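J.: sequence unknown, structure follows:
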Ligand SMILES: C[C@H](O)[C@@H](O)[C@@H](O)C(=O)CO
Ligand SMILES: [Mn+2]
């Protein structure tokens, strides 16, 4: 089994916490202990509730002294740099001197909590500090509790906790992206523009690098046995036991013979090991004498072009995409490896944003069809109801939907879920696999054969459909729709699905509507305003977190159904407009430019 620990050999970014104090002797004496306690309780909250992608608790560092001026601020910055701090939170109980104590690192997400206690001017300091940040073009998040706390109360109010955790989740996502690679295997698939790798986007907005490997490298490694043979045997045995093969959807005369199909299974398992090794490396290969192949590309996401130069003559990458995107494989549960089919790297980034905010697997899908209630009734006689009453979207793509997308895992509320891998039980893994039929794929589109997944996502899962697009004249923009997966009566699903490519995975999705909203007053207009053929689907209503994360990356959000009260962006955004939050977002992102510009 590939040594999973080396996947994050460089370690994870920490959250650095900066307690601030007025250095006037009597004031310092009065506030030092409680200020430090607020900072320590902040660290405790974040470590208790936030997890890294491998499931380990998020590490926080509290500066060992309260910061009262230039020297301590500089010493803290140096210490945080040495400790790998990627996110910063400043905590203040009383007044201090902003230009002396402020942190000026322009790329580390920064939040400032000003204690709401009227005995001391913590909020006054917070206001002055935000003014300094905004005057200097260093936008920071403002956290200020709604209710006054007593000066000796070092607990964290619930509303402050919620903002600290929302900021921490998004800030860590920014830090986890920084310095890593996106690996393109192949190039543009079938003329899909989302497959064009815009390296400046990755560099300037995400702080990422781009690695490029031709698909022939996968062939070379298959042909020369450059993969862990023992793991291959383990994986193949798992496939034979756990992957249920479904009926071949092709006309008899187009079907691949069974012995060839069996051979193809071996090929796609090898492809899976090889793509994972290309992403993160594999020390086992070095032990086999393949030091260079063992190296990997430090890739947190990859795309496999597949169509058409590979799939026209070799088994498709549907298996590798589905399994790597899932939270489990023959080694048990583990963090998903984000892989985009067709090398749609914009959808890979979209999946990464959702993955790092939730630590869960993602569904990758075509946004294929809007079904109005009238059309469903005409075709099936069934009237859509409940969350689906205003219409549904058919999300379906061969291949890359994670098997978690079956919805066979149960959330704490008992609803269908896609959970962090460390919460998924063996029984749930087996349920996801049992709900998936591996269907020989369509020979008219994948002449090289292979098997794709056929499943339908269980209904009732709160979900968020997301897409990052590049628009000339603006740059990257994000769109999202919170909603629910929909369960149709079997006969209705079968009838609608049969019109498409029923041997592929389906998610029926209904966006939550907002009466009077220019887009979200109608399911049809959500489809009409969707900016691409693809989307990623995350479990949960994570729209607010995505909006916070997008603001950190300076990526404007042009379409969402998140209420204004849930939106949390840097305080400077309000200076760009408070009536028109969407326009303010665009103006602020344009003014600040890419995070790594
Ligand atoms: C097999 C077909 O070419 C599919 O790959 C196509 O419908 C797409 O998924 C396009 O994104
Ligand atoms: Mn597609």
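T.: Received the coordinates, thanks. Predicted model only: the values in this text are computed from it and were never measured. Ligands and ions are numbered 1, 2, ... in the order given.

J.: and the closest residue to ligand 2 within the stretch 51-200 of the chain, what's its pLDDT?
T.: Proximity of the stretch 51-200 of the chain to ligand 2 (Cβ to the ion) peaks at residue 192, 7.4 Å away. Placement of C-beta: from N, CA and C, glycine included. On the pLDDT scale, residue 192 is placed at 97.

J.: was I right to think it contacts residue 342?
T.: Yes - counting by Cβ atoms under 8 Å, residue 342 is a contact partner of residue 192 at 5.7 Å.

J.: the residue in the chain positioned nearest to ligand 1: what secondary structure?
T.: With Cβ to the nearest ligand atom, the shortest gap between the chain and ligand 1 falls at residue 445, namely 3.9 Å. Under DSSP: H, G, I helix; E, B strand; the rest coil, residue 445 falls in the coil class.

J.: show me the domain layout of the chain.
T.: Domain assignment for the chain by automatic domain parsing gives 4-177, 181-592.

J.: any chance of those in JSON lines, plus mean neighbour count?
T.: Formatted as JSON lines, those follow (neighbours: other Cβ atoms under 10 Å):
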{"stretch": "domain 4-177", "mean neighbour count": "19"}
{"stretch": "domain 181-592", "mean neighbour count": "20"}
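
J.: list the contacts for the nearest residue to residue 471 once chain neighbours are set aside?
T.: Distances taken as Cβ to Cβ, 6 or more residues apart in numbering place residue 477 nearest to residue 471, at 5.5 Å, with adjacent residues excluded. By Cβ atoms under 8 Å, 6 or more residues apart in numbering, the residues touching residue 477 are 468, 469, 470, 471, 531, 555, 556, 557, 558.

J.: out of those, what pair is the most spread apart?
T.: 470 and 557 (14.5 Å; Cβ to Cβ).

J.: span of stretch 173-189 from start to end?
T.: Stretch 173-189 has an end-to-end distance of 28 Å (Cα to Cα, to the nearest Å).

J.: does anything pack onto the lengthiest helix in the chain? Which helices or strands?
T.: Using DSSP state H, we find that the single longest helix of the chain is helix 25-49. With contacts taken as 3 or more Cβ pairs under 8 Å, 6 or more residues apart in numbering; DSSP states H and E, helix 25-49 sits against strand 14-20, strand 60-62, strand 85-92, helix 158-177.

J.: in JSON lines: these, plus mean pLDDT and distance to residue 440.
T.: Formatted as JSON lines, the helices and strands packed on helix 25-49 follow (pLDDT from 0 to 100; distance: least, Cβ to Cβ, whole Å):
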{"stretch": "strand 14-20", "mean pLDDT": "98", "distance to residue 440": "48"}
{"stretch": "strand 60-62", "mean pLDDT": "98", "distance to residue 440": "51"}
{"stretch": "strand 85-92", "mean pLDDT": "98", "distance to residue 440": "45"}
{"stretch": "helix 158-177", "mean pLDDT": "98", "distance to residue 440": "37"}
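
J.: in JSON lines, list these along with distance to residue 236.
T.: Shown next, in JSON lines, are these (distance: least, Cβ to Cβ, whole Å):
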{"stretch": "strand 14-20", "distance to residue 236": "40"}
{"stretch": "strand 60-62", "distance to residue 236": "43"}
{"stretch": "strand 85-92", "distance to residue 236": "39"}
{"stretch": "helix 158-177", "distance to residue 236": "32"}
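
J.: okay, those in JSON lines with distance to ligand 2 next?
T.: Output for these, formatted as JSON lines (distance: least, Cβ to the ion, whole Å):
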{"stretch": "strand 14-20", "distance to ligand 2": "37"}
{"stretch": "strand 60-62", "distance to ligand 2": "40"}
{"stretch": "strand 85-92", "distance to ligand 2": "33"}
{"stretch": "helix 158-177", "distance to ligand 2": "24"}
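
J.: could you export these as TSV, including distance to ligand 1?
T.: As requested, the helices and strands packed on helix 25-49 are arranged in TSV below (distance: least, Cβ to the nearest ligand atom, whole Å):
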stretch	distance to ligand 1
strand 14-20	38
strand 60-62	42
strand 85-92	34
helix 158-177	24
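
J.: what's the closest of these to residue 108?
T.: Minimum separation from residue 108 across the helices and strands packed on helix 25-49 (Cβ to Cβ) falls at strand 85-92, 5.2 Å.

J.: tell me the pLDDT of residue 216.
T.: What the model reports for residue 216 is a pLDDT of 98.

J.: next, it: phi, psi?
T.: phi -60, psi -20 (degrees, to the nearest 10).

J.: do residue 424 as well
T.: phi -90, psi 130.

J.: so it touches residue 332, yeah?
T.: No - contact criterion Cβ under 8 Å: residue 424 and residue 332 do not qualify, at 9.4 Å.

J.: out of the contacts of residue 477, which sit inside helices?
T.: Among those, no residue falls in helices (DSSP H).

J.: can you redo those as CSV with pLDDT and distance to ligand 1?
T.: CSV is the format used below for these (pLDDT from 0 to 100; distance: Cβ to the nearest ligand atom, whole Å):
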residue, pLDDT, distance to ligand 1
468, 98, 16
469, 98, 14
470, 98, 16
471, 98, 19
531, 98, 14
555, 98, 23
556, 98, 25
557, 98, 23
558, 98, 22
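
J.: nearest to residue 501 among the residues you listed?
T.: Distance to residue 501, by Cβ to Cβ, is smallest for residue 531 among those, at 23.0 Å.

J.: so what's the closest residue to that closest one other than its chain neighbours bridging to?
T.: Leaving out its chain neighbours, the residue that sits closest to residue 531 by Cβ to Cβ, 6+ apart is residue 469, at 4.0 Å. Using DSSP bridges, the bridge partners assigned to residue 469 are residue 477.

J.: does residue 469 really touch residue 476, like I thought?
T.: Yes - contact criterion Cβ under 8 Å: residue 469 and residue 476 qualify, at 7.2 Å.

J.: what secondary structure does the nearest residue to residue 314 once chain neighbours are set aside sit in?
T.: Distances taken as Cβ to Cβ, 6+ apart put residue 448 closest to residue 314, at 4.5 Å, once the chain neighbours are dropped. Look at residue 448: counting by three-state DSSP, its state is coil.

J.: how much space separates residue 448 from residue 278?
T.: Distance of residue 448 to residue 278, given as Cβ to Cβ, to the nearest Å: 20 Å.

J.: can you check residue 593 too?
T.: With Cβ to Cβ as the criterion, residue 593 and residue 278 are 33 Å apart.

J.: ok, residue 344 next?
T.: Note on residue 344: its distance to residue 278, by Cβ to Cβ, is 18 Å.

J.: likewise residue 137?
T.: Residue 137 is 39 Å from residue 278, by Cβ to Cβ.

J.: tell me the residues of the stretch 401-550 of the chain that contact ligand 1?
T.: Residues of the stretch 401-550 of the chain lying near ligand 1 by Cβ under 6 Å from any ligand atom: 445, 533.

J.: circling back to that earlier point, need the contact list for the residue nearest to residue 531.
T.: So residue 469 contacts 194, 346, 476, 477, 478, 479, 531, 532 (Cβ under 8 Å, 6+ apart).

J.: you'd agree residue 60 is up against residue 43?
T.: Yes - between residue 60 and residue 43 there is a contact at 3.7 Å, judged by Cβ under 8 Å.

J.: now the common contact residues for these two.
T.: With Cβ under 8 Å, 6+ apart as the test, residue 60 and residue 43 both reach 15, 17.

J.: thank you, goodbye.
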